[in-house]
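Novice: model this:
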Amino acid sequence: MKWSEISIHTTQEAVEPVSNILHEAGASGVVIEDVDDLSKERQSVFGEIYQLNPSDYPSEGVILKAYLPVNSFLGETVEEIKQAITNLVKYDIDIGANTISISEVNEEEWATAWKKYYKPVKISKRITITPTWEEYVPVHSDELIIELDPGMAFGTGTHPTTVMSLQAIEKYIQEGDTVIDVGTGSGVLSIASAMLGAGKVDAYDLDEVAVNSARLNVKLNKVHNKVHVDQNDLLKGITGPADLIVGNLLAEIILLFVEDAAKVLKPGGYFITSGIIQGKKRDVKAKLEQQGFRIVEILEMEDWVAIVAQNQK
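Specialist: Take a look at the predicted model:
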């Protein structure tokens, strides 16, 4: 089925009446892109960090988007919408620029077109990540294949922060190590750890969706005998001891559990942190050193940084 996206540039004052007009016209939902959302203060309950892209918003006012099926009545429906919005002026409602644009979207493209962009990717010396719908034959006998479905709420495992984490794990993990994966997401770092020889892996995430996704991926990759996935807030209540901790998170989150990582890691254990932007590298490095870690290696890819530190306590 083909759909028509109708986009209306209006004001904050007109959001409710215009949304009602779109619902009355048959739209089952409305997308609201309000420039005020960029400066809105939000309550952080679990340490959430909000980062919106200004390019997704208008320079002023609000853009409302709705989707209507392409049929023989579409032209008439759009004209009725335009007239209804114009009539709001009679009620002293400021409708702003009232710029209306229409584009066509194919439903089938939404569902499947993205898959053609995902192919098997070699991440490190031994690890290759492949989407579940691709048949991939290992090139070398010691190559490790991780299957991930990018449609399961998380990415492909090929983001620079994940790549650097996987490369660091491959370099520093030892056979039989106990590993803790903080903020596991898709579970890709836990899966890699198990495949690379870890004796036991504990994967934690606060997000229930992530926990369920990681469990599915762990089972899909047949490492559920080594990897235990559970819901937990960073390292709160975790005692370890662990040989290696990996956290592919934002720097602001990493800073929250460096002290706990120092307590949970065995002396000489490695702490791999990733997801750090260049501007936060110094903060994370200083916090690690303050808690008794020795900086072993700093990896950089595009604008991202990963730091490997060793527990000296």
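
Novice: quick one, strands of the stretch 151-300 of the chain?
Specialist: Listed in chain order, the strands of the stretch 151-300 of the chain (DSSP state E, counting those that start in this stretch) span 178-182, 200-205, 227-231, 242-248, 265-277, 293-301.

Novice: Export those strands to TSV and append columns for mean pLDDT, distance to Leu68 and mean neighbour count.
Specialist: Every residue, glycine included, has its C-beta placed from N, CA and C. Shown next, in TSV, are those (pLDDT from 0 to 100; distance: least, Cβ to Cβ, whole Å; neighbours: other Cβ atoms under 10 Å):
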stretch	mean pLDDT	distance to Leu68	mean neighbour count
strand 178-182	98	44	27
strand 200-205	96	38	24
strand 227-231	96	40	18
strand 242-248	97	41	26
strand 265-277	95	40	23
strand 293-301	95	43	16
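
Novice: So which of these is nearest Tyr67?
Specialist: Between Tyr67 and the strands of the stretch 151-300 of the chain, the shortest separation by Cβ to Cβ is 32.4 Å, and it involves strand 200-205.

Novice: Now find how far off-centre that closest one is within its chain.
Specialist: How far strand 200-205 lies from its chain's middle: 18 Å, per Cα atoms, centre = their mean, to the nearest Å.

Novice: Repeat that for stretch 88-99.
Specialist: On Cα atoms, centre = their mean, the centre of stretch 88-99 falls 38 Å from that of its chain.

Novice: Compute the first-to-last residue distance for that stretch.
Specialist: The first and final residues of stretch 88-99 sit 14 Å from each other (Cα to Cα, to the nearest Å).

Novice: So which bits of it are buried?
Specialist: Leu88, Ile93, Ile95, Gly96, Asn98 (16 or more other Cβ atoms under 10 Å).

Novice: Quick check: next helix or strand after the helix or strand of the chain with the lowest mean pLDDT?
Specialist: Within the chain, no helix or strand scores below helix 107-112, which has a mean of 61 by mean pLDDT, DSSP states H and E. Going down the chain from helix 107-112, the next helix or strand is strand 121-122, by DSSP states H and E.

Novice: Could you name the helices and strands sitting against that following strand?
Specialist: For strand 121-122, the packing partners by 3 or more Cβ pairs under 8 Å, 6 or more residues apart in numbering; DSSP states H and E come out as strand 127-131.

Novice: List the neighbouring strands of the strand it packs on plus their orientation.
Specialist: Each strand paired with strand 127-131, and its direction, by DSSP bridges: strand 121-122 (antiparallel), strand 144-148 (parallel).

Novice: which of those strands sits most buried?
Specialist: Among the strands paired with strand 127-131, judged by mean count of other Cβ atoms under 10 Å, the one packed with the most neighbours on average is strand 144-148 (a mean of 20).

Novice: My guess is Arg294 contacts Gln310. True?
Specialist: Yes. Arg294 is in contact with Gln310 according to Cβ atoms under 8 Å; the separation is 4.9 Å.

Novice: List the beta-bridge partners for the closest residue to Gly26 other than its chain neighbours.
Specialist: In space, and not counting its chain neighbours, Gly26 is closest to Leu68: 5.8 Å by Cβ to Cβ, 6 or more residues apart in numbering. In this entry, Leu68 is beta-bridged to Ser4, by DSSP bridges.

Novice: start to end distance for stretch 20-32?
Specialist: Termini of stretch 20-32 sit 13 Å apart (Cα to Cα).

Novice: Check which residues of it are buried.
Specialist: Across stretch 20-32, burial judged by 16+ other Cβ under 10 Å covers Ile21, Leu22, Ala27, Val30.

Novice: Looking at those residues, which are in helices?
Specialist: Ile21, Leu22 (DSSP state H).

Novice: so which of the buried residues of stretch 20-32 would you say is closest to Glu80?
Specialist: Glu80 lies nearest to Ile21 out of those, by Cβ to Cβ, at 8.6 Å.

Novice: quick one, phi psi at the residue of the chain positioned farthest from its centre?
Specialist: Farthest-out residue of the chain from its mean C-alpha position, per Cα atoms, centre = their mean: Lys90, at 44.9 Å. When read as degrees, to the nearest 10, the backbone of Lys90 gives phi -60, psi -20.

Novice: swap in Glu143?
Specialist: Dihedral angles (degrees, to the nearest 10) for Glu143: phi -70, psi 140.

Novice: Just give me the neighbour total for it.
Specialist: 14 (other Cβ atoms under 10 Å).

Novice: got it, and Ala251?
Specialist: Neighbours around Ala251, by other Cβ under 10 Å: 21.

Novice: hang on, the earlier thing: would you format the strands paired with strand 127-131 as a markdown table with mean pLDDT and distance to Gly199 included?
Specialist: Listed next are these as a markdown table, based on pLDDT from 0 to 100; distance: least, Cβ to Cβ, whole Å:
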| stretch | mean pLDDT | distance to Gly199 |
| --- | --- | --- |
| strand 121-122 | 86 | 26 |
| strand 144-148 | 92 | 17 |
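
Novice: Fine by me, thanks again.
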